[in-house]
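Show me the folded form of this:
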Amino acid sequence: MSLRAEVNAIVPLSLTVNSSGGVTGLSPTASVRRGALYLDWNDDTFKGAGWVERDRVLTEVGGGHYTTDLDLGAISAVAGETLIVEYDTQDAGYPGVSSETITLDRDTNLLRKLATNRLEEFAGNPGQLILWDDDGVTVYKQWQLRDGTGGPTALSVGAPAKRSSAT
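Purely as a prediction, here's the structure:
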């Protein structure tokens, strides 16, 4: 199975164990691999050895379904990379290994806000370019602005400096 997720998303990892009905009472695990390195769930870093918690025990939710969450923001996920999730059910009578890939996409929420939210330029030394959050009053991102020679920016009558949010 293959999933796509944004780099800052929380991804539910799910496993179903089924043998003529859902198999309950197991302790399956999930490990997350980036190349040859495995995630240490304890400190959200990828390592080649010395893990405190390499295999996360999944929580049973009933009917043979097991789950846990992977916080991609906490592990410093990078757009374009692929993570491998390995599931293991080494419980007596139900041995097995399964895997899935998670392909990481850019933060499309930021792209949407850049395209649709209020965006304003302010003159100064340095000037500021401010992107407002969806509420129109909270600063979401801001950048310093300088002119072509590295100097301050100045107001200019008739030059666009403020864009309202899209309607």
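
Show residues contacting stretch 151-167.
115-127, 132, 136, 145-147 (Cβ atoms under 8 Å, 6 or more residues apart in numbering). The C-beta positions use only the backbone N, C-alpha and C, and glycine is treated the same way.

how does this structure divide up, domain by domain?
The record, using automatic domain parsing to delimit domains, assigns the chain the ranges 2-106, 109-156.

Could you export those domains as CSV, including distance to residue 167?
Below are these laid out as CSV (distance: least, Cβ to Cβ, whole Å):
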stretch, distance to residue 167
domain 2-106, 25
domain 109-156, 9
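
and these, which is most packed in?
Most buried of the domains of the chain by mean neighbour count (mean count of other Cβ atoms under 10 Å) is domain 2-106; its value is a mean of 15.

For the protein, give me the ranges with low pLDDT.
For the chain, the stretches flagged by pLDDT under 70 are 92-95.

Just list the residues touching residue 122, thanks.
Contact partners of residue 122, counting by Cβ under 8 Å, 6+ apart, are 128, 129, 130, 161.

hey, what's the first one bridged with?
To tie it back to what came earlier, the one meant is residue 128. Beta-bridge pairing for residue 128 (DSSP bridges): residue 122, residue 144.

Quick check: residue 6 vs residue 162, distance?
Counting by Cβ to Cβ, to the nearest Å, the gap from residue 6 to residue 162 is 29 Å.

One more: residue 109?
Taking Cβ to Cβ, one finds residue 109 at 23 Å from residue 162.

Which strand residues bridge the closest residue in space to residue 108 that isn't next to it in sequence?
Nearest residue to residue 108 in three dimensions, chain neighbours excluded: residue 6, at 6.1 Å (Cβ to Cβ, 6 or more residues apart in numbering). Beta-bridge pairing for residue 6 (DSSP bridges): residue 105.

what about residue 6, distance to residue 123?
For residue 6 relative to residue 123 (Cβ to Cβ), the value is 35 Å.

just residue 149 next, same as before
15 Å.

How about residue 45?
Residue 45 sits 43 Å away from residue 123 when distances are taken as Cβ to Cβ.

And residue 145, by the same measure?
8 Å.

can you check residue 13 too?
49 Å.

mind checking how far the residue of the chain most remote from its centre is from residue 123?
Centroid-distance maximum for the chain: residue 157 at 42.0 Å, with Cα atoms, centre = their mean. Remark: distance between residue 157 and residue 123 (Cβ to Cβ) = 12 Å.

Could I get the contacting residues of the residue lying closest to residue 110 once chain neighbours are set aside?
In space, residue 110 comes closest to residue 141 once its chain neighbours are excluded; the distance is 7.6 Å by Cβ to Cβ, 6+ apart. Listed by Cβ under 8 Å, 6+ apart, the contact set of residue 141 reads 110, 130, 131.

Alright, calling it a day.
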